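[1] what's the 3D shape of this:
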Amino acid sequence: MQAPIDNSHPTRYWHVLDDGRVQCDVCPRYCKLHEGQRGLCFVRGALDKKIVLTTYGRSSGYCIDPVEKKPLNHFLPGTPILSFGTAGCNLACKFCQNWDISKSREIDTLADSAEPEVIARAASRLGCSSVAFTYNDPVVFMEYAIDVAKACRAAGIKTVAVTAGYMCEEPRQEFYQHMDAANVDLKGFTDEFYRKICGAELQPVLDTLAYLKHHTGVWFEITTLLIPGLNDSDAELNAMTQWGVSHLGPDIPWHFTAFHPDWKMLDRPATPPETLARAREIARKNGVRYAYTGNVHDRVGGSTYCHHCGALLIGRDWYVLHEWNLDAAGACKTCGTKCAGVFEAAPGRWGSRRMPVTLRNFA
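    Numbers count the residues shown, from 1 in each chain. Sure, this is the predicted structure:
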């Protein structure tokens, strides 16, 4: 039995069907709901012949992270980012590593609350350069995320969407008008993987990536979690990265990260470091200039190198920067070649700290 809809915020992307149900048009799942029903995401539901958002202004908690943890390696490196999520998700990934948040059906998990202006004020006073919508996908709470982004922009704070990119065209356009950066999960490169493992489709994600590249100024990076035997073959990695270079260009950073058994996929082994190194090399051979390994200790695979002369530009050890060889304009100090990204004249010094915070004092 679903929880009653007792907290609602109006939304825009829906329409009433001939049979009286209301269809949500935010993502390609197109949930068709009777009165009082919730969509698969659990946080958008039908109330009074409209789709409402039930988690506006509520969060599962706030934490200051290094921006590299999102992961973003070419967006304000070394700086702290105020991170939060809500509950629910519009995918059904069997391997979800934030399943306690993204698959939560307990609204009580949303213990913290904050209006958009409070989040922007907190980020500013805490010295954060940006705010991340993360832990669960901001697509499902896009109205809240957009309002937070507006407040942050007014305060000089940037915003980051950590997302699976599973979104329809019209809401996608509105959403990304307000974002400064994104990390998009490209979870695999076959329809079979998306259908069987994620309960979704591949093409809308590719459409989001292409839209970001060709129709916005949003800085974005890609993450692919490699699961042994499911999406880590040479053939799939070749096809995926060749598509990326062909459709997005060579400058989009690509993170290949390690899977660990979780939620409904406890029968698979963790990803060997060798698989990540192999994926990185395949990407580089196919023209990806900035390919990274993640969720493992790999100083080489986690560092940034000049695509022209090969010089070390940003040395990383986990989330700690130990080398910085970019000039004030973001170019290689050795050969002068520009490194793609959003950089300040000097790196941040936040390091690897993870600091939970409460916003109660900023209200």
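[2] ok now stretch 236-244, how far from the chain's centre?
    Stretch 236-244 has its C-alpha centroid displaced from the chain centroid by 20 Å (C-alpha atoms, centre = their mean, to the nearest Å).
[3] list the contacts for D25?
    Going by C-beta atoms under 8 Å, 6 or more residues apart in numbering, D25 touches Y13, W14, H15, C168, E170, P171. For every residue, glycine as well, the C-beta is placed using N, CA and C.
[4] and of those, the nearest to R280?
    Distance to R280 across these (C-beta to C-beta) is lowest for C168, with 32.7 Å.
[5] for the closest one, grab the count of nearby residues.
    Neighbour count of C168, defined by other C-beta atoms under 10 Å: 19.
[6] what pLDDT does it get?
    Looking at C168, its pLDDT stands at 98.
[7] residues contacting it?
    Taking C-beta under 8 Å, 6+ apart, we find C168 in contact with Y13, D25, V26, C27, P28, P204.
[8] over to N7?
    T54, T55, Y56, R58, I107.
[9] F193: which of the residues you listed is nearest?
    So of those, ranked by how close each gets to F193 (C-beta to C-beta), first place is T55, at 28.7 Å.
[10] ok, which stretches of the protein are helices?
    Applying DSSP state H to the chain gives helices spanning 99-102, 116-125, 142-154, 169-176, 191-193, 203-215, 234-248, 273-285, 299-302.
[11] and the longest one, which residues are buried?
    Using 16 or more other C-beta atoms under 10 Å as the test for burial, helix 234-248 gives E236, L237, M240, T241, Q242, G244, V245, L248.
[12] for beta bridges, what are the partners of K50?
    L47 (DSSP bridges).
[13] and the nearest residue to E174 once chain neighbours are set aside, what's its pLDDT?
    Take E174 and drop its neighbours on the chain: the residue closest to it by C-beta to C-beta, 6 or more residues apart in numbering is I146, 7.1 Å away. Listed pLDDT for I146 reads 98.
[14] tell me how many other residues surround I146.
    Neighbours of I146 under the rule other C-beta under 10 Å: 21.
[15] residues contacting it?
    E174, F175, H178.
[16] between those residues, which is nearest P228?
    Nearest member of those to P228, counting by C-beta to C-beta, is F175, at 33.4 Å.
[17] now do the domain split for this structure, please.
    The chain breaks down into these domains under automatic domain parsing: 9-53, 58-357.
[18] in this structure H297 contacts Y319, no?
    No. When contacts are counted by C-beta atoms under 8 Å, H297 is not listed as touching Y319 (11.2 Å).
[19] of the two, who's got more company?
    Counted by other C-beta under 10 Å, H297 and Y319 do not tie: Y319 has more neighbours, with 19 against 10.
[20] contact partners for the more buried one?
    Y319 neighbours (C-beta under 8 Å, 6+ apart): P66, E68, K69, G351, S352.
[21] okay, it: pLDDT?
    As predicted, Y319 sits at a pLDDT of 93.
[22] state the pLDDT value of W99.
    W99 is given a pLDDT of 51.
[23] equivalent analysis for K103, please.
    Predicted confidence (pLDDT) for K103: 51.
[24] likewise for K264?
    71.
[25] let me know how buried it is, in neighbour terms.
    If we define neighbours as other C-beta under 10 Å, then K264 has 14 of them.
[26] correct me if wrong: it contacts K94.
    Yes. Between K264 and K94 there is a contact under C-beta under 8 Å: 4.1 Å.
[27] so what strands line up beside the strand ranked longest in the chain?
    For the chain, the longest strand by residue count, based on DSSP state E, is strand 219-226. The strands that strand 219-226 pairs with in its sheet are strand 181-185 (parallel), strand 254-258 (parallel) (by DSSP bridges).
[28] could those strands go into TSV alongside distance to S113?
    Below are the strands paired with strand 219-226 laid out as TSV (distance: least, C-beta to C-beta, whole Å):
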stretch	distance to S113
strand 181-185	25
strand 254-258	31
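[29] one step back: and of the buried residues of helix 234-248, the nearest to V118?
    Closest approach between the buried residues of helix 234-248 and V118, by C-beta to C-beta: L248, at 35.9 Å.
[30] right, and G127 touches I157 too?
    No. With contact defined as C-beta under 8 Å, G127 does not reach I157; the gap is 10.6 Å.
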